[in-house]
Each structure stands twice: as structure tokens, then as C-alpha cells.
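# coordinates only, sequence not included:
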């Protein structure tokens, strides 16, 4: 088995913005913070953001395009040195379901980059359909297998149960935890796949697995998903699995799922995000989770912004109302 301790560092795709690039991007984001009605989920504001996305620094747009074309072995694009002033940040939100409705500088920055990548989407049953969501620890939910927890978060495909799961997940770090322990953990399929025997791959390509919908979705009528774990090209497949919510329907499937988990853990990458880091995860080829950390609930806890992106908005038209970007 490979030594996972050597897998920490930077992904295949990593861009550190220069000072001028950071200032240029920040200037456009600041313009959006002053654009009426300065609300992230407002259609007129989003139209203004779409126009300004064409002015995102060229090197950033090129990096996004290269990542779209080929996510590399890691399936992660890391953009560093985005303009965020730690001294100007408000206290970390502490309430359940916290979202970012106002067009703050970090939220506007994330939206601009998201629009270079594809179409922003959200889910009505997940934080009220907000396009920019806060990932923060919530008191009493420490052991929750969700973005509100602080215990180890199992590797997963984002919204693995959903037929319109995101193509990309974007995570921007506003501040990390006090001890700088919390790490984004990723399980890159492209690194693990060569170590899976052919029989295991074959088992994972059969629809012998079920992923349960979380309570917030199942209460609204969402059904558990029956599916294969690996789909598409035999040599370069997509993956759908949540090691907390996915179960196999037979013994062979359970053995295959265990073998997959073992190799993904062996291939694991860890990224301790700092203020101004934005990680873009290809949700089709890379799982993600989080290491444990200890929140203090003092207003200075770990705080990320999260955004979901589709490459093709048309495929979810039937699940949305009108021109809304929110999926029912």
C-alpha cells in the first residue's frame, strides 16, 4: 500500500494569484458588493456578476478552463492569495443553516470564479437554496456527518443520492480552526483506480448499491438512489459514493466497496486551507471529507464558503422553477 503521508501538499492544478491579479479580482468583487440590490441570490445581481466574470484575471480563467478540460489525478484546483482581510471578517456564524445572502467581498469573489467554471446551482432542501453557504461548526452537532460537524467527516460524493448532484464543489477558506488542524481530505479516484483488481472494478460498475437521502431531502419526497459506484469510461470513470450513506446490496458489493475505500484512503490528499484559499473539487472523480478539529464557539472558528456548480444547467431544467437556479 502507498504511503499516504507523502500525499499532502498541493494538487496538480494550483495557482497563486500575484498581487496585481489579486487586486484586479478584488476590484471587480468590490464593484459587485455595491451593485444593487447587493444580494447573492437576486437575478439582477447575478446578471451583473455574469458580466463581470469575463473580467476575472486571464491566468485564473485559463486555469479554470484547463481544470475543466482535465482535472488531473487529484481532481482539485487550488487558487491561493485571494483578497480577504482577516481583520475585517465578522465573527464566524454559529447558527444552524447559516448562509451568505448579502454580497460580501468573499461571496462576490467566489461567485465570480464560479461563473468562470459553469452555472451556479443550489438545492431547496439544503440551506434554503442559498447559492453561497457557510460551512461552520454548530454547537451540539459536533458528531454530525454534515457541514455543521467537527468530528471526522467521511469521504463522499457531494449529494451522492441526488440525480442532479453538483459537477463541482467550491470551498473558500475565510478562516481555519484555532489550531490549524482541520484539513480538507480528498479521495482521488484516478490515483486509486489502478490499484483496484478487475473483479472489484466490475462489481463497482453494477447497480448493486443504494445511497440514502438525508432527512432534509427525504422528508420532501426524495428517494434513495439505486446505482453503480463507477460509471462511464472503464479507464476513466466517474464515481458516486458516500461512505456514510451508501450500502451494498450483496456480499460481493460489500467487499468491492471495502476495497475501494481502502485504496481511496491510501491515495488520500490533505489540504489545510488558509485564509484566501479556494479549493474547487471535481465532484465526479474526487471524493472529499474533513479531518476532525475542536471548535471553541468564540466567533473565531473555522469558516468556509461553499458553492455548487453545474457545467450544463439544462440537465436540471425539469427540476427547477422558471429561471431559478434552485433545484427542488
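Structure's in. What do you need? Here the structure is a predicted model, which means the values were calculated and not measured.
# Only C-alpha atoms from now on, for both contacts and neighbour counts.
Fine.
# Next up, the contacts around the spatially closest residue to residue 320 that is not a sequence neighbour.
Take residue 320 and drop its neighbours on the chain: the residue closest to it by CA to CA, 6 or more residues apart in numbering is residue 327, 4.8 Å away. Residue 327 is in contact with 121-124, 129, 316, 319-321, counting by CA atoms under 8 Å, 6 or more residues apart in numbering.
# Ok, residue 187 next?
155, 264-265, 267-269, 286-288.
# is it true that it lies in a strand?
Yes: using DSSP: H, G, I helix; E, B strand; the rest coil, the assignment for residue 187 is a strand.
# Who does it form a beta bridge with?
residue 287 (DSSP bridges).
# Pick out the residue nearest the middle of this structure.
Among the residues of the chain, the one closest to the centroid is residue 169, at 2.6 Å (CA atoms, centre = their mean).
# Quick check: that residue vs residue 245, distance?
Remark: distance between residue 169 and residue 245 (CA to CA, to the nearest Å) = 19 Å.
# now swap in residue 37 and tell me
39 Å.
# And for residue 20?
44 Å.
# Compare those two and say which one has the larger neighbour count.
Taking other CA atoms under 10 Å, residue 20 and residue 245 do not tie; residue 245 has more neighbours (17 against 10).
# gap between that one and residue 114?
Where residue 114 is concerned, residue 245 sits at a distance of 28 Å (CA to CA).
# What about the nearest residue to residue 272 once chain neighbours are set aside, how many residues nearby?
Distances taken as CA to CA, 6+ apart place residue 183 nearest to residue 272, at 4.4 Å, with adjacent residues excluded. When neighbours are defined as other CA under 10 Å, residue 183 has 20 of them.
# Check residue 194 too.
Under the neighbour criterion other CA under 10 Å, residue 194 is assigned a count of 12.
# Using the three-state scheme, assign it.
Going by three-state DSSP, the secondary structure assigned to residue 194 is helix.
# pLDDT score for it?
Listed pLDDT for residue 194 reads 97.
# What of residue 84?
Confidence score, pLDDT, at residue 84: 80.
# For it, which residues are in contact?
Residue 84 sits in contact with 105-106, 174, 275-276, where contact means CA under 8 Å, 6+ apart.
# Could you single out the nearest of those residues to residue 77?
residue 276 (13.8 Å; CA to CA).
# and residue 128, that's in a helix?
Yes: residue state for residue 128 (three-state DSSP) corresponds to a helix.
# which residues are in contact with stretch 127-139?
With contact meaning CA under 8 Å, 6+ apart, stretch 127-139 is reached by 40-41, 92-101, 107, 111, 120-124, 147-150, 295, 297, 301-308, 326-327.
# Go through that stretch and flag the buried ones.
Judged by neighbour count using 16 or more other CA atoms under 10 Å, the buried positions of stretch 127-139 are 127, 129-138.
# and residue 63, how many residues sit next to it?
Here the number of neighbours of residue 63 (other CA under 10 Å) works out to 18.
# One more: the one 10 residues further on?
For residue 73, the neighbour count with other CA under 10 Å is 16.
# cool, residue 99 as well?
Residue 99: 20 neighbours (other CA under 10 Å).
# residue ranges of the strands in the stretch 1-150 of the chain, please?
Here the stretch 1-150 of the chain has its strands, by DSSP state E, counting those that start in this stretch, at 13-16, 76-80, 119-123, 133-135.
# Where do the helices of the stretch 51-200 of the chain begin and end?
Secondary structure of the stretch 51-200 of the chain by DSSP state H, counting those that start in this stretch: the helices cover 58-69, 105-117, 189-192, 198-204.
# what's the most buried one of those helices?
Comparing the helices of the stretch 51-200 of the chain by mean neighbour count (mean count of other CA atoms under 10 Å), helix 105-117 comes out on top with a mean of 23.
# lowest-confidence helix or strand of the chain?
helix 215-218 (a mean of 70; mean pLDDT, DSSP states H and E).
# Show me which residues of that one are buried.
residue 217.
# Following the chain onward from it, which element is next?
strand 225-227 (DSSP states H and E).
# I'd like the average pLDDT over that next one.
90.
# for stretch 315-328, same thing?
Mean per-residue pLDDT for stretch 315-328: 87.
# First-to-last residue distance for it?
Stretch 315-328 has its terminal residues 13 Å apart, counting by CA to CA.
# Okay, buried residues for it please.
Buried-residue list, stretch 315-328, by 16+ other CA under 10 Å: 316, 319-320, 324-328.
# can you give me how far it is from the chain middle?
Stretch 315-328 sits 20 Å away from the centroid of its parent chain (CA atoms, centre = their mean, to the nearest Å).
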